[in-house]
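In: I'd like to go over a predicted model; first the sequence, then the structure.
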Amino acid sequence: MKRFFCLILIFALSAGCAHQQQASTKEGEVLELDWLIPLHTPQPPKDKALKIIEEKTNTKLRLIWVPDSTKEERINTTLAGGSMPKIITLPNLEDSAVVNALRSGMFWEIGPYLKDYPNLKHLDKTILKNISVDGKVYGIYRERPLARQGVVIRKDWLDNLGLDMPETADDIYQIAKAFTKQDPDQNGKDDTIGLADRNDLTFGAFKTLASYFGAPNEWGTAQDGSLFPDFKSGAYKETMKYMKRFYDEGLMNRDFAVTSKTQQQELFIQGKAGIYIGAMSDAMNLRDQGLGLNSDFQIDIINRIKGPDGREHTWALGGHGGMFAISKSSVKTEEEVKKILAFFDRIAEEDLNNLMLYGIEGVHYEKKGDDGYFRKQENYHLWETEIQPLNQLIGVNKQSLKSAEDPLRAKNERLEEDNRSIAVLNPAEPLYSAVQTARGTELKKIIDDAAFQFILGEIDEKGFDQAVGKWEKQGGGEMIRELNEDRQHQK
């Protein structure tokens, strides 16, 4: 008994007091973990920070870095081959090979264990539901902002015209009209438009505007509890009409249906458009590039926009970028599963979470006050090579420090958190449809094409309804049936 308490004390001193009861490794025993993980940077990280993680978690990490461009192929090959690392990153939970692997018992179900860990027991229930398969949790989610959409706008243009930040969907229209007609950059030329948009109805302006109008997020729930696609809602059609008004009046780029994200952002950066609707986190890059061309370039962001009903909504993502799953073929015992979960619980502690996000204090960043930080710009290249790749190891993302050097970044972080209270969830996020997995992209194109055609004036509402009928006949009706059946199965 005395030896037991000594071991607990040793672990607490080396790894923090919040997780001492979770240290299931014996004194001196190193947990060896091989882990397949995507690489979003040109090179894997140098060892400096990685060694700190290993020391504080008593592990030996063998990270199998896979370039982001080939990750899905590598993951599918690994799943098919049968020989897997202990931990595998599964970024796309809609991939049929991934779904089949999870359903076939290739990974440990960890849901029942989470309550035993001081950090993991607080995992967000909404996100856990979103990553579940048949109601079971098979991994630690890779946390992402649940709802990040909003409006990025040229603040200097608003000031030049004596306008306030928008509060309603109609305000956005009126500002777009003023930006198009009233020379907001005061150069004496008719060379500006209101809205810059692109060929993406999801991450461009359309879906965010639709959420302001009260549209469901991908799928809605009828009064009888059944699911229906968002484009069958009245709010979806009202959004199409709203955007058609922008197009007809020349308040947006005429070629938006074939405009890429890069081209859309260039319109904003170059001072040709003053409104950008999408991820608010894009604002910092837009600001930095805009200032490189124009020292008067000022922007602001807002997340809460009232729709016609006076209510505020924004659509939510799943809150995750996939998950980390524990392989049954490589991890044979429940005891080792618990050790791996203790590792994930430990790296969710503030010290290691901060390390993987911001780096080493005094080297990559400095603290300001209790919860502020600013990067050491002279060592930014070190952050890129030593820390940035380690972002991919983060499951629970506490973001305990806030930017003290960039008010816009700090505001974005605050508004993303505020969005959670007005977020519209996708009720079909945790559900499975074979048709959706196999042909979802193909079927989505039918509706997207029709929506673009409506906005461009090539078809009317009747033509859009005909496209919906085509979607139903070519597999959409079966998708609805499968999702509703899976929903009933999971109740």
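Out: Structure received.

In: what about the strands in the stretch 101-250 of the chain?
Out: Using DSSP state E, counting those that start in this stretch, the strands of the stretch 101-250 of the chain run over 139-143, 149-154, 193-196, 219-221, 227-229.

In: I'd like the ones you listed as CSV, with mean neighbour count, distance to residue 245 and mean pLDDT appended.
Out: Bear in mind the C-beta positions are built from the backbone N, C-alpha and C, glycine included. As requested, the strands of the stretch 101-250 of the chain are arranged in CSV below (neighbours: other C-beta atoms under 10 Å; distance: least, C-beta to C-beta, whole Å; pLDDT from 0 to 100):
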stretch, mean neighbour count, distance to residue 245, mean pLDDT
strand 139-143, 25, 38, 97
strand 149-154, 26, 17, 99
strand 193-196, 26, 11, 99
strand 219-221, 19, 24, 98
strand 227-229, 19, 24, 98
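
In: Pipe these into CSV and attach distance to residue 283 per row.
Out: Below are the strands of the stretch 101-250 of the chain laid out as CSV (distance: least, C-beta to C-beta, whole Å):
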stretch, distance to residue 283
strand 139-143, 21
strand 149-154, 5
strand 193-196, 13
strand 219-221, 29
strand 227-229, 31
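
In: between these, which gets nearest to residue 101?
Out: Nearest to residue 101 among the strands of the stretch 101-250 of the chain is strand 139-143 (11.3 Å), distances taken as C-beta to C-beta.

In: So in that sheet, which strands flank that closest one, and in what orientation?
Out: When pairs are called by DSSP bridges, strand 139-143 turns out to pair with strand 320-326 (antiparallel).

In: Next secondary structure after the strand it pairs with?
Out: Counting by DSSP states H and E, the next helix or strand C-terminal to strand 320-326 is helix 334-347.

In: Who are the packing partners of that next one?
Out: Using 3 or more C-beta pairs under 8 Å, 6 or more residues apart in numbering; DSSP states H and E, the elements in contact with helix 334-347 are strand 31-39, helix 47-57, strand 320-326, helix 350-358.

In: so where is the chain shaky, pLDDT-wise?
Out: In the predicted model of the chain, residues 1-28, 82 satisfy pLDDT under 70.

In: Look up how far residue 296 lies from the residue nearest the centre of it.
Out: For the chain, the residue nearest the mean C-alpha position is residue 144 (4.5 Å; C-alpha atoms, centre = their mean). Distance, residue 144 to residue 296, using C-beta to C-beta, to the nearest Å: 34 Å.

In: One more: residue 421?
Out: Counting by C-beta to C-beta, the gap from residue 421 to residue 296 is 35 Å.

In: before we move on, what about residue 108?
Out: Per C-beta to C-beta, residue 108 is found 57 Å from residue 296.

In: who's more crowded, those two?
Out: Taking neighbours as other C-beta atoms under 10 Å, residue 108 and residue 296 compare with residue 108 leading, 19 against 13.

In: who's in contact with the spatially closest residue to the more buried one that is not a sequence neighbour?
Out: Nearest residue to residue 108, sequence neighbours excluded (C-beta to C-beta, 6 or more residues apart in numbering): residue 326, at 4.5 Å. When contacts are counted by C-beta atoms under 8 Å, 6 or more residues apart in numbering, residue 326 touches 86-87, 107-108, 110, 139, 337, 340.

In: Closest to residue 211 out of those residues?
Out: When the contacts of residue 326 are compared for distance to residue 211 (C-beta to C-beta), residue 139 wins out at 28.5 Å.

In: can you pull the contacts of the closest residue to that closest one other than its chain neighbours?
Out: Nearest non-adjacent residue to residue 139, counting by C-beta to C-beta, 6+ apart: residue 323, 3.3 Å away. By C-beta under 8 Å, 6+ apart, residue 323 lies in contact with 89-90, 93, 131, 138-142, 395.

In: Kindly reformat the residues you listed as CSV and extend each row with distance to residue 476.
Out: As requested, these are exported to CSV (distance: C-beta to C-beta, whole Å):
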residue, distance to residue 476
89, 32
90, 27
93, 21
131, 25
138, 29
139, 30
140, 34
141, 29
142, 30
395, 35
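
In: ok, which pair from those is furthest apart?
Out: Between all members of the contacts of residue 323, the farthest pair (by C-beta to C-beta) comes out as 93 and 395, at 14.3 Å.

In: domains of the chain?
Out: 2-146+321-399, 149-315+406-424, 434-490 (automatic domain parsing).

In: Out of those, which is the most enclosed?
Out: Ranked by mean neighbour count, the domains of the chain are led by domain 149-315+406-424 with a mean of 19 (mean count of other C-beta atoms under 10 Å).

In: And the helices in the stretch 101-250 of the chain?
Out: Assigned by DSSP state H, counting those that start in this stretch, the stretch 101-250 of the chain shows helices spanning 125-131, 155-161, 169-181, 205-212, 234-248.

In: May I have the phi/psi pair for residue 226?
Out: phi -80, psi 150 (degrees, to the nearest 10).

In: Can you tell me the closest non-neighbouring residue to it?
Out: Among residues not flanking residue 226 along the chain, residue 484 sits closest, at 5.4 Å (C-beta to C-beta, 6+ apart).

In: and the helices of the stretch 101-250 of the chain as a markdown table, adding distance to residue 318?
Out: What follows is the helices of the stretch 101-250 of the chain, written out as a markdown table (distance: least, C-beta to C-beta, whole Å):
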| stretch | distance to residue 318 |
| --- | --- |
| helix 125-131 | 4 |
| helix 155-161 | 32 |
| helix 169-181 | 25 |
| helix 205-212 | 14 |
| helix 234-248 | 21 |
